[in-house]
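> Could you look at this predicted model? Sequence included:
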Amino acid sequence: MKIVIPAIGSRGDVQPFIALAQGLIQAGHGVTLASHPVMKPLVESHGVTFAPIGPDIDLVQEVAAIRHQARNTAIGLIQGMRSSASIC
């Protein structure tokens, strides 16, 4: 069976799907993991076929920049969460 796994988000969101893909590959399935282009080296380093989807950004860096520019920590956290939800 051919399977495509979409995984948008940070490394922490994508990493579990790499393990799932590896298990499916071991079971004899053809698997492609689709994620942000920045995740390509990570996915392919684990022997999983990669397909790019979504914007070519690193969500962790984008949210950190937004939080850094905020007037206080709470506002920065909220703005970062809103931004990451709209990017995905």
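Thanks, I have it.
> What score does the spatially closest residue to Ala51 that is not a sequence neighbour have for pLDDT?
Spatial nearest neighbour of Ala51, excluding adjacent residues (C-beta to C-beta, 6 or more residues apart in numbering): Ala34 at 4.3 Å. C-beta coordinates here come from the backbone N, C-alpha and C atoms, glycine included. Looking at Ala34, its pLDDT is 97.
> any idea how this protein splits into domains?
1-54, 57-88 (automatic domain parsing).
> Kindly confirm my reading that Gly9 is in a strand.
No - read with DSSP: H, G, I helix; E, B strand; the rest coil, Gly9 is coil and lies in no strand.
> mean pLDDT for the domains of the chain: which is lowest?
Looking at these, the weakest mean confidence is domain 57-88, a mean of 62.
> Helix, strand, or coil at the residue nearest to Ala51?
Judged by three-state DSSP, the three-state class of Ala34 is strand.
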